[in-house]
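Asker: 3D, please:
(one chain, ligands or ions: 1)
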Amino acid sequence: MSDTIESADAAAQAETDAKWLARAIELATLNVANGGGPFGAVVVRDGELIAEGQNRVTANLDPTAHAEVTAIRAACQAVGQFWLAGMTLYTSCEPCPLCLAASLWARLDRVVFAADRDDAARGGFDDREFYELFARDRATWGMAVDSVRTENAPEPFDAWLEQDARTDY
Ligand SMILES: [Zn+2]
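Answerer: Model prediction:
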């Protein structure tokens, strides 16, 4: 009995996922004709569309304007808060490390993607390369990341902790 219920739930979930992924993929493909990268994303809560996003990196001269980030920003503006708990991000392609981290910061419940990092690599995008980079020692990176711990480095956190009116996140 419970197996039947579970499989019915799984089927309904798969149908819902397919519907929203189809929209994300449509946004991605439309974006190509509009001078953007081939990436689209949507944020959904309880079956309701909260926001959409498309890649606008080259159009906006913004290397962080990935579809997922754009959708997360729009969703937060739409709901008037800086977290997206209870919501799902559907994206046409596996989130890169930037977008995966943005999803964590946004406290999304779930992230669902269609194409993966290998598809992105075929398109000439660095998602897979960056995942491989994060798995390696930073000393091997082409970009230097240097820790220079000055005497007053912890000062901003002291100020933060002393600020009773702070908004924790
Ligand atoms: Zn990304």
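
Asker: Is the ion within reach of the longest helix anywhere in the chain?
Answerer: If you go by DSSP state H, the chain has its longest helix at helix 2-33. No - Helix 2-33 does not reach the ion (C-beta under 5 Å from the ion); its nearest approach is 12.3 Å. Any C-beta I mention is one placed from the backbone N, CA and C, and that applies to glycine too.

Asker: same question for that helix, mean pLDDT?
Answerer: For helix 2-33, mean pLDDT rounds to 93.

Asker: list the helices and strands that helix packs on?
Answerer: strand 40-45, strand 48-54, helix 67-79, strand 88-93, strand 110-115 (3 or more C-beta pairs under 8 Å, 6 or more residues apart in numbering; DSSP states H and E).

Asker: Which of these sits closest to the ion?
Answerer: Between the ion and the helices and strands packed on helix 2-33, the shortest gap by C-beta to the ion is with helix 67-79, which sits at 5.5 Å.

Asker: follow-up on the earlier one: so which of the helices and strands packed on helix 2-33 is nearest Ala33?
Answerer: Judged by C-beta to C-beta, the one of those that comes nearest to Ala33 is strand 48-54, at 11.1 Å.

Asker: Can you get me a residue count around Ala8?
Answerer: Neighbourhood size, Ala8 [other C-beta atoms under 10 Å]: 10.

Asker: Nearest the middle, which residue of this protein would you pick?
Answerer: Residue closest to the average C-alpha location in the chain (C-alpha atoms, centre = their mean): Cys99, at 3.2 Å.

Asker: Could you report the distance from Thr4 to Asp17?
Answerer: Relative to Asp17, Thr4 is positioned 20 Å away (C-beta to C-beta, to the nearest Å).

Asker: and what of Val69?
Answerer: 21 Å.

Asker: Looking at the two, which is more packed in?
Answerer: Neighbour count, other C-beta under 10 Å: between Val69 and Asp17, Val69 has more, with 24 against 16.
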